[in-house]
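Q: One predicted model, sequence on top.
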Amino acid sequence: MTDRAPALRLAGLSKSFGAVRAVDRIDLEVSAGEVVAFLGPNGAGKTTTLDMVLGLAVPDTGTVEVHGRTPEQAVREGRVAAVMQSGGLLRELTVRETVELTASFFADARPVDEVLERAGIARIAGRRVGVCSGGQQQRLRFALALLPDPDVLLLDEPTTGMDVEGRRAFWAAIRDDAARGRTVLFATHFLEEADAYADRVVLVSGGRVVADGTAAQVRAQAAGRTVRATLPGADRRALAQVPGVDAVEVRGDTVLLRTADSDAVARHLLTATAACDVEITSRGLEDAFLTLTGSTA
Ligand SMILES: Nc1ncnc2c1ncn2[C@@H]1O[C@H](COP(=O)(O)OP(=O)(O)OP(=O)(O)O)[C@@H](O)[C@H]1O
């Protein structure tokens, strides 16, 4: 990777299906070696965006560059490859035959045994694809995507159907690749995966980017903290009147106060009430996701 262009550059990208604006003026630059989570609720436009990066869908407006090339050039040169959600597998072939067949389409593919090993499916190489589990088929798609040794790997809900161990092994392989310079953009609903494995989280909703940064920055963007305290016989209405309190929840002797000014609320609890065991926590990524996307799911 000698060129200086960003690994991915999306500029003013839009795509509509009839009246549905699936992607709405997305601008995004991703540097080589970054692992970026493309996080958003159903219908946010994630798959449509990935399709445009792969040249499978044509933008209404805007441009996509992969290392300074058009998607078609980048795919042809094996610079970008993808693990998409479904399709593309022949049920009658074995796992190994599938990889061998796909390898024959590339002028310069990685060795079959190497990608089987990397995708964690060397032990089931002789199994027919039709009897493989959903998670095993996802790993097979991952193996196929590794064949051209792409600079940019796109993953659409890659760990769907994988068990916990499979997920962990999958992400270990991805992080290992990224450390060697591979760029990864993955679409996901899994907040924990975005939090645990991405260097950067791009939160999309309604076809637009609504937050972009580290998981911590995205959380901070939906500013707010929870102040938790023990307060027997708490007066919910009185607490709701305390300056800075956005919401009050009472669970037995515990009160939870949502606020953008946690210091002031904690001070009030400790000086003006009988509260004890005061704790302040940042909201989780899930809260930020719901707040910033306006989603209720
Ligand atoms: N071929 C199509 N024809 C009509 N509408 C489409 C088509 N593809 C996508 N859409 C619509 O565009 C919007 C964005 O869809 P997209 O699949 O990109 O979202 P997504 O974020 O990938 O969702 P999910 O997480 O559910 O996969 C949705 O409202 C969807 O119904």
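A: Sure, I can see it. Residues are numbered from 1 along each chain as shown.
Q: who are the neighbours in contact with Q241?
A: Contact analysis of Q241 by Cβ atoms under 8 Å, 6 or more residues apart in numbering lists nothing. (Glycine included, C-beta is placed from N, CA and C.)
Q: got a pLDDT number for it?
A: At Q241, the pLDDT value in this model is 94.
Q: Likewise for the one 5 residues further on?
A: Residue-level confidence at D246 comes out at 85, pLDDT.
Q: give me phi/psi at L54?
A: In this entry, L54 is assigned phi and psi values of phi -90, psi 0 (degrees, to the nearest 10).
Q: Show me which residues of the protein sit near the ligand.
A: Neighbours of the ligand within the chain, by Cβ under 6 Å from any ligand atom: 17, 20, 22, 40, 42-48.
Q: give me that answer again for 8 Å
A: For the chain, the residues found near the ligand under the criterion Cβ under 8 Å from any ligand atom are 17-18, 20, 22-23, 40-51, 85, 156-157, 187, 189, 204, 207.
Q: Name only those of those residues that count as buried.
A: If you count burial by 16 or more other Cβ atoms under 10 Å, the buried members of the residues of the chain next to the ligand come out as 22-23, 40-41, 44-51, 85, 156-157, 187, 189, 204, 207.
Q: neighbouring contacts of stretch 12-25?
A: If you take Cβ under 8 Å, 6+ apart as the criterion, stretch 12-25 is touched by 26-28, 43, 45, 48-49, 52, 57, 59-64, 206-208.
Q: What's the mean pLDDT across that stretch?
A: Mean pLDDT, taken over the full extent of stretch 12-25, equals 96.
Q: swap in stretch 190-197?
A: Across stretch 190-197, the average pLDDT comes to 84.
Q: Using PDB, write out every CA atom in that stretch.
A: Extracted as PDB, the C-alpha positions of stretch 190-197 are listed here (Å, rounded to 0.1, in the frame of the first residue of the first chain):
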ATOM      1  CA  PHE A 190     -24.100  -5.400  17.700                       C
ATOM      2  CA  LEU A 191     -23.200  -2.500  19.900                       C
ATOM      3  CA  GLU A 192     -20.800  -4.700  21.900                       C
ATOM      4  CA  GLU A 193     -18.900  -5.600  18.800                       C
ATOM      5  CA  ALA A 194     -18.600  -2.000  17.700                       C
ATOM      6  CA  ASP A 195     -17.400  -1.100  21.100                       C
ATOM      7  CA  ALA A 196     -15.000  -4.000  21.500                       C
ATOM      8  CA  TYR A 197     -13.400  -4.300  18.100                       C
END
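Q: And that stretch, what's buried?
A: Applying a neighbour-count criterion of 16+ other Cβ under 10 Å, one finds 190-191, 193-195, 197 buried in stretch 190-197.
Q: Those into JSON lines, with extra columns for distance to L290?
A: Converted to JSON lines, the buried residues of stretch 190-197 look like this (distance: Cβ to Cβ, whole Å):
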{"residue": "F190", "distance to L290": "15"}
{"residue": "L191", "distance to L290": "10"}
{"residue": "E193", "distance to L290": "17"}
{"residue": "A194", "distance to L290": "14"}
{"residue": "D195", "distance to L290": "14"}
{"residue": "Y197", "distance to L290": "21"}
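Q: what about the closest residue in space to V242 that isn't next to it in sequence, distance to the ligand?
A: Counting by Cβ to Cβ, 6 or more residues apart in numbering, H268 is the residue found nearest to V242 once chain neighbours are left out, at 5.3 Å. Distance from H268 to the ligand, counting by Cβ to the nearest ligand atom, to the nearest Å: 42 Å.
Q: Isn't H268 up against L231?
A: No. Using Cβ atoms under 8 Å, H268 is not in contact with L231; the gap is 11.5 Å.
Q: just how off-centre is stretch 63-76 within its chain?
A: Taking Cα atoms, centre = their mean, to the nearest Å, the mean C-alpha location of stretch 63-76 is offset from the chain mean by 22 Å.
Q: Just the C-alpha atoms of that stretch, please, in PDB.
A: In PDB, the C-alpha atoms belonging to stretch 63-76 read as follows (Å, rounded to 0.1, in the frame of the first residue of the first chain):
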ATOM      1  CA  THR A  63     -18.500   9.400  -5.500                       C
ATOM      2  CA  VAL A  64     -16.700   6.400  -4.000                       C
ATOM      3  CA  GLU A  65     -13.000   5.900  -4.200                       C
ATOM      4  CA  VAL A  66     -11.100   2.900  -2.900                       C
ATOM      5  CA  HIS A  67      -7.400   3.800  -2.700                       C
ATOM      6  CA  GLY A  68      -8.100   6.500  -5.300                       C
ATOM      7  CA  ARG A  69      -9.700   4.100  -7.700                       C
ATOM      8  CA  THR A  70     -13.300   3.500  -8.800                       C
ATOM      9  CA  PRO A  71     -15.100   0.600  -7.100                       C
ATOM     10  CA  GLU A  72     -15.000  -1.400 -10.400                       C
ATOM     11  CA  GLN A  73     -11.200  -0.900 -10.700                       C
ATOM     12  CA  ALA A  74     -10.700  -1.800  -7.100                       C
ATOM     13  CA  VAL A  75     -12.700  -5.000  -7.300                       C
ATOM     14  CA  ARG A  76     -11.000  -6.000 -10.500                       C
END
